[in-house]
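**Q** Predicted structure and sequence below. I'll ask about it afterward.
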Amino acid sequence: MADSHGKLTVIILAGNDLSQYCDSSDFKRGADEHDRTTYGKNAHVVRGGLLNGSATIGGIYDTTAGTGPRAVIRPLIGTNVAYVRRVEGTGVGKPQDSVNVLVKSYVETSPVADLVRWSAELTLSDDVNSTPQ
């Protein structure tokens, strides 16, 4: 069985490669669910609807980077921008997901006994293009 290490993941938001600042990401795809249950049924009857999804990215806060996550993401909150995720890294034939996203939030977390961390929440907007690089 072939596998891939998470350290190879590439994250690009609004044309900015944030990979060097990220240590976590996820990419969730799903669909709306419509209940079509009618009288007399003993169980729900459901049907799929529009596709949807979300993504999160995060990492350790970088105090020296004027072009890091804080500088890049905060101005994007509430806007739609391009998002690219390459789960196996960059290279010909490797998988790539690209989609426009709504930048929903940017969060900085400051635990008393640990490093400051950042995270961002993104909502997928329109179809995902999942073609090899």
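**A** Arrived safely, thanks for sending.

**Q** where does the closest residue to Y106 other than its chain neighbours land in three-state SS?
**A** Of all residues not flanking Y106 in the chain, I73 sits nearest, at 4.5 Å (CB to CB, 6 or more residues apart in numbering). Quick note: C-beta positions are derived from backbone N, CA and C, even for glycine. Following DSSP: H, G, I helix; E, B strand; the rest coil, I73 is assigned to helix.

**Q** Per-residue pLDDT of I73, please?
**A** For I73, the pLDDT comes out at 96.

**Q** swap in A65?
**A** 68.

**Q** ditto for S54
**A** Looking at S54, its pLDDT reads 98.

**Q** how near is it to K104?
**A** Applying CB to CB, to the nearest Å, the value for S54 to K104 is 8 Å.

**Q** Low-confidence stretches in this structure?
**A** Counting by pLDDT under 70, the chain shows low-confidence ranges at 65.

**Q** in it, which spans are helices?
**A** Counting by DSSP state H, one finds helices in the chain at the ranges 69-73.

**Q** In space, not sequence, find me the middle residue of it.
**A** With distances taken as CA atoms, centre = their mean, the residue of the chain nearest its centroid is A55 (2.3 Å).

**Q** Show me what the closest residue to it other than its chain neighbours is bridged to.
**A** In space, and not counting its chain neighbours, A55 is closest to L122: 4.4 Å by CB to CB, 6+ apart. Beta-bridge pairing for L122 (DSSP bridges): A55, V103.

**Q** What count of nearby residues applies to L122?
**A** By other CB atoms under 10 Å, the residues close to L122 number 25.
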